[in-house]
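Engineer: Fold the stuff below for me.
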Amino acid sequence: MTTLSIHRIPNINLINFIYKQASKITLQISKAREYNRTVSELKKLSPRILEDIGIAQASINSVAYDHIYGEKVR
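Structural biologist: Now for the predicted structure:
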């Protein structure tokens with residue numbers, strides 16, 4: 001007769017938790033870099049070009065935030 005024993009590794013949940021947290025941090029760093037890059041590129045544009053694309057200079061940060069994070073700044 002064959003017996004199957006499954007031994008649970010007690011630290012697997014901890015490893016999974018650490019992996020998920022590292023993934024979240026990596027995503028947030030990536031988004032922050034993309035946000036900074038977007039703001040920088042928009043600030044390089046002339047007021048005329050910004051006006052043509054419908055962005056006021058005062059709203060560059062909120063437009064970039066909305067684009068990257070997908071939500072409006074209030």
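
Engineer: what ranges do the helices span in the protein?
Structural biologist: Using DSSP state H, the helices found in the chain span residues 12-44, 47-52, 60-69.

Engineer: what about the longest one, distance to the chain center?
Structural biologist: Using C-alpha atoms, centre = their mean, to the nearest Å, the mean C-alpha position of helix 12-44 is found 5 Å from that of the whole chain.

Engineer: Apart from its neighbours in sequence, what residue is nearest the spatially most central residue of the chain?
Structural biologist: Centrality entry for the chain: nearest residue to the mean C-alpha point is residue 31, 3.1 Å, by C-alpha atoms, centre = their mean. Among residues not flanking residue 31 along the chain, residue 68 sits closest, at 5.5 Å (C-beta to C-beta, 6 or more residues apart in numbering). Backbone N, C-alpha and C define where each C-beta goes, glycine included.

Engineer: low-confidence ranges in the chain?
Structural biologist: Within the chain, the segments meeting pLDDT under 70 span 1-11, 72-74.

Engineer: rerun at 50
Structural biologist: Scanning the chain for pLDDT under 50 picks out no residues.

Engineer: Look up how far residue 63 lies from residue 45.
Structural biologist: 12 Å (C-beta to C-beta, to the nearest Å).

Engineer: swap that for residue 20, please
Structural biologist: Taking C-beta to C-beta, one finds residue 20 at 31 Å from residue 63.

Engineer: Between these two, tell me which one has more neighbours.
Structural biologist: The residue with more neighbours, out of residue 20 and residue 63, is residue 63; 19 against 10, by other C-beta atoms under 10 Å.

Engineer: first to last residue in stretch 44-53, what's the distance?
Structural biologist: 14 Å (C-alpha to C-alpha, to the nearest Å).

Engineer: mind listing what's buried in it?
Structural biologist: residue 50 (16 or more other C-beta atoms under 10 Å).
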